[in-house]
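> Predicted model, plus sequence, below.
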Amino acid sequence: MGLKGLRGSLRMALLGATCLTASPVLAQEQSVEDRLDRLEAMVAGLIERLDAQQGASEQQQADLREQGAALLEATQALQTRQAELAEQIAEPRGQEDKGFRVGNTTVAYAGYVKLDAISQRTSGGQLPGNSILRDFLIPAAIPVGGASSGFDTEFSARQTRFILKTATDVGSEHKLNSHIELDFNVTDGGDERISNSFTPRLRQAFITYDNWLFGQSWSTFQNVGALPDSLDFIGVTPGTVFDRQPQIRWTKGGLQLAAEQPETAVTTSTGARVLAGDDQLPDFVARYNWSGDWGSISTAGILRQLHVSKDDLNGVDDSAMAYGLSVSGKINVGERDDFRFMATAGDGLGRYIGLNIVNDAAIDANGMLDPIFTYSGFAAYRHYWSDKVRSTIAGSYFKADNPVLLTSDQVTDESWNALANIIWNPVSPLDIGIELMYAERILEDGRSGNLQRIQFSTRYNF
């Protein structure tokens, strides 16, 4: 090939490099890595052939070398930008090969398919056939005061989850992402006789732009990374903060500040729950995260205004301040084991703890809000028996300081649970496990009810 042919080849290579990020067809036909490898190999080959040319002037050779180097630099820049976009899709990681590109947007997906087979009995009453407690632990739903049940067995695939994420190239100075997440828990559906169908529900839906998050996500007050490796949907429900809600969050390094959806839950003198509809101020959360080779720790504080109006509760119109502090983390132990924990305390935190075991406040004789103080926590240890087998043991506890004269003695005073499991990972995306759990709920009048459960689960992560 002559010098003219070499120049033409270099021009075509440069054109191909320019089109790589804009062609969804190419992106679907072959991976980014393959295209970059081929392009780099072509450039290297052209430069080698250029060096071997006879009869070309030194200036011509220098010019062509410069063009080849420019092409290689463009290729490397493309590779760097692709890596940046992939990194923007932080969770699930490494999903760019499972997605596709549309213009400047990388679309990725992830999730899992899960089957749960649960057999359980309750000491304080028979669970209704449609009870959510048949799917996962909800401490406030453990029956108290009735006759003990036999073991009830349920099979369900409702926890199956789908996640769609995008990262749009808006230039190297900004990052624009989105996240949409669906599952089928806590929704209406078909009966168990024929279809076992369930309506999808929105779990998370948010936009991130640089340091900002806008949309529905885990509350900044909750540290999801501290939750144990359990087969139950949450595992240590009585002892953990657990809340997803719309919010605006700003993150800078380890610092996170958020304004989140307010919602006041009030206990009446009969023990009934009333949800106020006239909240005035958002819940404000500040959190700081530390991490390193040793693990991670988070400290979060929350400040709330509880509010009820005359339209909410028999003419009561009042507001009260609520607050709380939570410390949580995951500490690495040895090469693979870890210890996870959370401790939370505060006044008026009811709806944030244990799936709303108790409410935020009660109403006193003067029609004033009386925030309910609670404290809770959990601890969990995960041990790897081998590369493919692991176990977790965990326990949690919750305690409420209910103003009994205002709430009656039929509300929950304490709740706790313990679990142990063993999970086999025969191949990387698949988990098969069995878990034993015991949970108890104690009322202010001293009566209690417990739940004993054995759960078998399979989960395929994609």
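That came through fine. Numbering: from 1, shown residues only.
> all strands for the stretch 351-462 of the chain, in order.
For the stretch 351-462 of the chain, applying DSSP state E, counting those that start in this stretch gives strands covering 361-363, 369-371, 373-384, 389-401, 412-424, 430-443, 448-461.
> Tell me where the model's unsure across the protein.
Flagging of the chain using pLDDT under 70 yields the residue ranges 1-57, 59-61, 63-65, 67-69, 71-72, 74-76, 78-79, 81-98, 312, 314.
> Domain parsing of it, as residue ranges.
Listed by automatic domain parsing, the domain ranges of the chain are 3-88, 100-461.
> Adding distance to residue 197 and mean neighbour count, write the strands of the stretch 351-462 of the chain out as JSON lines.
Yep, even glycine has a C-beta here, placed from its N, CA and C like the rest. Shown next, in JSON lines, are those (distance: least, Cβ to Cβ, whole Å; neighbours: other Cβ atoms under 10 Å):
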{"stretch": "strand 361-363", "distance to residue 197": "39", "mean neighbour count": "25"}
{"stretch": "strand 369-371", "distance to residue 197": "42", "mean neighbour count": "23"}
{"stretch": "strand 373-384", "distance to residue 197": "34", "mean neighbour count": "21"}
{"stretch": "strand 389-401", "distance to residue 197": "32", "mean neighbour count": "20"}
{"stretch": "strand 412-424", "distance to residue 197": "29", "mean neighbour count": "21"}
{"stretch": "strand 430-443", "distance to residue 197": "25", "mean neighbour count": "19"}
{"stretch": "strand 448-461", "distance to residue 197": "20", "mean neighbour count": "18"}
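> which one of the ones you listed lies closest to residue 184?
The closest of the strands of the stretch 351-462 of the chain to residue 184 is strand 448-461. By Cβ to Cβ, the value is 14.4 Å.
> which secondary structure elements does that closest one contact?
Secondary-structure packing of strand 448-461 (3 or more Cβ pairs under 8 Å, 6 or more residues apart in numbering; DSSP states H and E): strand 105-122, strand 430-443.
> Would you reformat those as a markdown table and include distance to residue 362?
Conversion of the helices and strands packed on strand 448-461 to a markdown table gives the following (distance: least, Cβ to Cβ, whole Å):
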| stretch | distance to residue 362 |
| --- | --- |
| strand 105-122 | 27 |
| strand 430-443 | 15 |
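> So for residue 270, which of the ones you listed sits nearest?
In terms of Cβ to Cβ, the element of the helices and strands packed on strand 448-461 nearest to residue 270 is strand 430-443, at 14.0 Å.
> Could you give the backbone dihedrals for residue 226?
phi -90, psi -10 (degrees, to the nearest 10).
> so it touches residue 300, yeah?
No: between residue 226 and residue 300 there is no contact under Cβ atoms under 8 Å: 11.0 Å.
> Spit out the residues that contact the two alike.
The contact sets of residue 226 and residue 300 overlap at residue 328 (Cβ atoms under 8 Å, 6 or more residues apart in numbering).
> Quick one: the strands of the stretch 351-462 of the chain as CSV, columns for distance to residue 204 too.
As requested, the strands of the stretch 351-462 of the chain are exported to CSV (distance: least, Cβ to Cβ, whole Å):
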stretch, distance to residue 204
strand 361-363, 28
strand 369-371, 29
strand 373-384, 23
strand 389-401, 24
strand 412-424, 25
strand 430-443, 22
strand 448-461, 17
